[in-house]
Structure formats: C-alpha cells, structure tokens
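> generate coordinates for the sequence data below:
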Amino acid sequence: KRQRKINIKIPAGVDDGAQIRMTGEGEGGTRGGPSGDLYIVIRVKAHDFFERENDDIYCEVPLTFVQAALGDEIEIPTLTEKVKLKVPSGTQTGTYFRLKGKGVPRLRGYGQGDQHVKVTIVTPTNLSDEQKELLRQFGGGSEGTGQEDHHETIFERMKKAFRGE
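Take a look at the predicted model:
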C-alpha cells in the first residue's frame with residue numbers, strides 16, 4: 001500500500017453528490033489482479049450570496065425606495081462578471097428579473113442556466129423631520145397611505161363573488 005496524488009479534472013456545472021469514476025485508480029485486485037476503480041463524490045460548498053437550483057442561480061438584491069419608484073440601472077454580480085440590470089419604475093418588492101445564460105454551465109449539453117434576481121425594497125429607518133414631512137405630503141397627508149389604487153386581495157374578490165357584487 002502506498003499513497004500518491006492524482007490530478008482530477010472537475011467538469012464545470014457538476015453538482016453536489018455527483019460521482020466521478022477514475023478507472024484503474026482503486027485498490028489492487030486480489031492475487032495480482034487488475035486495480036479497481038476509484039469513485040470520488042463531489043461536495044459543493046454553499047455560497048453566501050448565490051443559491052443554486054439545478055442549472056439556475058438565484059440571488060437577492062436590495063433596492064432603495066427611490067430606485068424602485070423611479071427606476072434605475074444597477075450592477076448585479078454573476079458567476080463570472082458584473083452586469084447591468086435596468087430596473088423599471090414602479091418595481092415592487094419580491095419582483096424577479098431573469099438574466100438569461102448567466103447561471104451554471106450545463107454538465108451534459110450546451111449553454112448555461114439562468115440567473116434569477118429577486119429585488120427587495122429597503123425601507124429607511126432614520127429619517128429626518130424634513131424627509132418625514134415630504135413623505136407625508138407625498139402620501140396625501142398624515143393619515144394617507146400613498147396608495148391611489150386599491151388592489152383587492154383574492155379573498156376580498158371571493159367574498160364579492162359569493163355576495164353577487
């Protein structure tokens with residue numbers, strides 16, 4: 001028995017739990033027979049920013065209230081580079097944007113998965129008195145909510161349907 005180093009090429013796009021077989025690199029056979037195979041099980045370390053689902057990558061990016069309301073162009077990190085994403089005005093929290101071909105390379109086949117970017121609106125916490133007053137004016141007064149159109153929930157629509165409204 002002896003130890004030795006073996007160089008292994010890990011293909012792009014390999015996922016957690018995948019196995020790579022190295023023919024003839026295992027233990028020697030009994031009574032001088034041929035060596036067996038060495039199986040390597042891949043464990044992919046979790047990333048702090050990206051989450052993987054098959055060939056697609058997911059991430060979450062914070063936006064300010066102003067960026068979401070007025071629209072903006074922001075830089076998004078991908079697996080290989082930073083790309084610009086145009087956020088349209090009126091974007092709501094929880095909206096997903098798809099960056100085609102910016103995911104994980106497909107293991108067997110051509111192309112790559114997609115990257116899905118979820119935006120979350122960050123509400124400011126330390127507003128000055130002037131900023132608070134401006135928001136009150138924007139919202140229609142101190143009691144105003146700032147919502148011109150009322151969006152009914154599915155339950156409200158179901159209640160109206162049962163009442164015949």
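
> how many neighbours does the nearest residue to Pro62 once chain neighbours are set aside have?
The shortest distance from Pro62 to any non-neighbouring residue, by Cβ to Cβ, 6 or more residues apart in numbering, is to Val122 (4.7 Å). Yep, even glycine has a C-beta here, placed from its N, CA and C like the rest. The tally of other residues near Val122 (other Cβ atoms under 10 Å) stands at 13.

> for Val122, what are its contacts?
Shown in contact with Val122 (Cβ atoms under 8 Å, 6 or more residues apart in numbering): Pro62, Leu63, Thr64, Phe65.

> how near is it to Arg21?
Shown here: Val122 relative to Arg21, a distance of 48 Å by Cβ to Cβ, to the nearest Å.

> try Phe50
Phe50 is 28 Å from Arg21, by Cβ to Cβ.

> with Lys45 instead?
Taking Cβ to Cβ, one finds Lys45 at 22 Å from Arg21.

> could you do Glu53 as well?
Distance from Glu53 to Arg21, by Cβ to Cβ: 26 Å.

> for Ile40, same thing?
Counting by Cβ to Cβ, the separation of Ile40 from Arg21 is 8 Å.

> who's more crowded, these two?
Between Ile40 and Arg21, counted using other Cβ under 10 Å, the more crowded position is Ile40 (13 against 10).

> which stretches of the protein form strands?
Taking DSSP state E, the strands of the chain run over residues 19-22, 38-41, 51-53, 56-64, 72-77, 82-87, 96-99, 115-122.

> any idea which of those strands is most buried?
Mean neighbour count (mean count of other Cβ atoms under 10 Å) peaks for strand 115-122 among the strands of the chain, with a mean of 18.
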